[in-house]
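In: Sequence and computational prediction follow.
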Amino acid sequence: MSRLSVARLLQAVFLIVLTMVSNSALAVNYQALVDADVRKFQAYIHKEFPDVRTADFADGVYAIDSQARKQWKEVEEFPPYDLAVDEGKALFNKPFANGKSLAGCFPNGGAVRNKYPYFDEKRGQVVTLEMAINDCLTANGEKPLNGMKGDLAKISAYIAFISRGQPIHVKVESAAAYKAYLKGKQFFYAKRGQLNMSCAGCHMEYAGRQLRSEIISPALGHTTHFPVFRLKWGEIGTLHRRYAGCNENIGAKPLAAQSEEYRDLEFFQTAMCNGLSFNGPASRK
Amino acid sequence: MKRSGLCAVAGLLLLPSIGLADLQGGDPNLAKGKAIAFDMNKGNCLACHMMAGGDDPGNFGPPLIQMKDRYPDKTVLRKQIWDATEKNPSSVMPPFGKHGIMSESEIDQVVDYVYTL
């Protein structure tokens, strides 16, 4: 046999083996792997905060600090995000140049919060609510919106508001979905930036402790309530804006809203919230 | 929850060390070390450690007290500040020297100051 045909043969054998491996991989129950992670993750938080009920972690740092909770409850009596929800509703129903509207893209009157984030098997990527809103806009010849704040955050706030109480059940059912999930997981646990810190370092290991005067929220519940009206921002902003802020605080390059990295991170973080309910929008310091 | 029980104790222990720092407060090198340690964009040690004379300390790490007693060898203290992950690979304390957050001379000044606590 010539060298070339040996190479061809090897290539063929390699391909067959590869197909066999990926075929057997089809048999892997990815959801079971994720469910096991969720149990471990939530058990860790429960051990740190034995007195807090699972559902209450959706309230972030206010679930673990009774004094801050009292002040927050007072703020929530006249929610600072109300106006954003109203504006979001108007934008949701506003006709595009082609006469259609966002309402045409979303079923159930737009109460679709717990359909997101999901792994779109055809596109091979995680689709978030904000991404789906922008997809609807561009599909209808409109311009996509800024992923950090403004109209996109308002529309997201409206959708979250009319979806309150929907249970979180992120599904990870294919090798590709699991890969995206693992990327998000890796992002969450990896140290980065000049300060060499990870999301998990602060929001798991040191959750409940104080960084200066700020009490650190546990990561369980991180994605239930976005977008948030932050008093510090003086306006409503998206989850990815918060991600960028936490990245910046440790001297790491903030990534773009709706970047693949942040979508995968949201996918992982929301999966860890499986069993909780969506309760956005919310107010935060 | 991992709230540091040490903090309550530290409140009592801090009093004598405040006096000590004040005694040496006239030294410009120490004053500079203190400024760098408290600077939010440099040491920002207060984000995580209770330190004499600092407001709103965090409690990620233990209070920085009685340093001379606990660090007979000053170079061990410098090592902890230069790269905390050497001793504890999963430490959340930033590696100030290794990652160039502070210059070598800034670290020396911070070490000198922290050593008075």
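Out: That came in fine, so what should we check first? Numbering: from 1, shown residues only, chains lettered A, B, ... in the order given.

In: Any idea which helix or strand in the chain has the lowest mean pLDDT?
Out: In the absence of a named chain, this looks at chain A. helix A:3-26 (a mean of 54; mean pLDDT, DSSP states H and E).

In: Moving C-terminal from that one, which element do we reach first?
Out: Using DSSP states H and E, the next helix or strand after helix A:3-26 towards the C-terminus is helix A:30-48.

In: helices or strands up against that next one?
Out: Helix A:30-48 sits against helix A:175-189, helix A:260-272, with contacts defined as 3 or more C-beta pairs under 8 Å, 6 or more residues apart in numbering or on different chains; DSSP states H and E. Just so you know, the C-beta spots here come from the backbone N, C-alpha and C atoms, and that holds for glycine as well.

In: And the next helix or strand past it?
Out: helix A:66-77.

In: Show me what from the stretch 51-200 of chain A comes close to chain B.
Out: By the rule C-beta under 8 Å from any C-beta of the partner chain, the part of the stretch 51-200 of chain A lying against chain B is A:64, A:194-197.

In: ok, of those, which come out buried?
Out: Buried members of those, counted by 16 or more other C-beta atoms under 10 Å in any protein chain shown: A:64, A:195-197.

In: Pick out the most distant pair among the residues you listed.
Out: A:Ile64 and A:Asn196 (25.7 Å; C-beta to C-beta).

In: Can I get stretch B:36-56 in PDB? Just the C-alpha atoms.
Out: Taking Å, rounded to 0.1, in the frame of the first residue of the first chain, the C-alpha atoms of stretch B:36-56 are listed here in PDB:
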ATOM      1  CA  ILE B  36      -1.600  52.400  49.700                       C
ATOM      2  CA  ALA B  37      -3.200  49.600  51.800                       C
ATOM      3  CA  PHE B  38      -6.400  51.700  52.200                       C
ATOM      4  CA  ASP B  39      -6.500  52.900  48.600                       C
ATOM      5  CA  MET B  40      -9.500  51.300  46.800                       C
ATOM      6  CA  ASN B  41      -7.400  51.000  43.600                       C
ATOM      7  CA  LYS B  42      -4.300  49.600  45.200                       C
ATOM      8  CA  GLY B  43      -4.300  47.400  48.300                       C
ATOM      9  CA  ASN B  44      -8.000  47.900  49.200                       C
ATOM     10  CA  CYS B  45      -7.200  45.500  52.000                       C
ATOM     11  CA  LEU B  46     -10.200  46.900  53.900                       C
ATOM     12  CA  ALA B  47     -12.500  45.400  51.300                       C
ATOM     13  CA  CYS B  48     -11.800  42.000  53.000                       C
ATOM     14  CA  HIS B  49      -9.900  42.700  56.300                       C
ATOM     15  CA  MET B  50     -10.600  44.600  59.400                       C
ATOM     16  CA  MET B  51      -7.600  46.900  60.000                       C
ATOM     17  CA  ALA B  52      -7.100  49.500  62.800                       C
ATOM     18  CA  GLY B  53      -8.400  52.900  61.800                       C
ATOM     19  CA  GLY B  54     -10.200  51.700  58.600                       C
ATOM     20  CA  ASP B  55     -13.900  52.300  58.100                       C
ATOM     21  CA  ASP B  56     -16.400  49.700  56.700                       C
END
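
In: And the contacts of it?
Out: A:211-213, B:7, B:10, B:14, B:17-18, B:21, B:34, B:57-65, B:92-93, B:96, B:101-102, B:106, B:109-110, B:113-114, B:117 (C-beta atoms under 8 Å, 6 or more residues apart in numbering or on different chains).

In: Kindly provide the distance from the residue nearest to A:Lys149 when sequence neighbours are not counted to A:Val170.
Out: Spatial nearest neighbour of A:Lys149, chain neighbours left out: A:Gly237 (4.7 Å); criterion: C-beta to C-beta, 6 or more residues apart in numbering or on different chains. According to C-beta to C-beta, to the nearest Å, A:Gly237 and A:Val170 sit 22 Å apart.

In: re earlier: how far away is the residue nearest to A:Lys149 from A:Lys179?
Out: To A:Lys179, A:Gly237 is 29 Å away according to C-beta to C-beta.

In: higher neighbour count, these two?
Out: A:Gly237 (28 against 15; other C-beta atoms under 10 Å in any protein chain shown).

In: Can you verify my assumption that that one contacts A:Tyr243?
Out: No. Using C-beta atoms under 8 Å, A:Gly237 is not in contact with A:Tyr243; the gap is 10.6 Å.

In: what about B:Glu106, which helix or strand?
Out: Assigned by DSSP H and E, B:Glu106 falls within helix B:104-114.

In: in that helix, what counts as buried?
Out: Result for helix B:104-114 [16+ other C-beta under 10 Å]: buried residues B:106-107, B:109-114.

In: what sits against B:Lys87?
Out: B:Lys87 sits next to B:79-80 when contact means C-beta under 8 Å, 6+ apart.

In: Ramachandran coordinates for it?
Out: phi -80, psi -40 (degrees, to the nearest 10).
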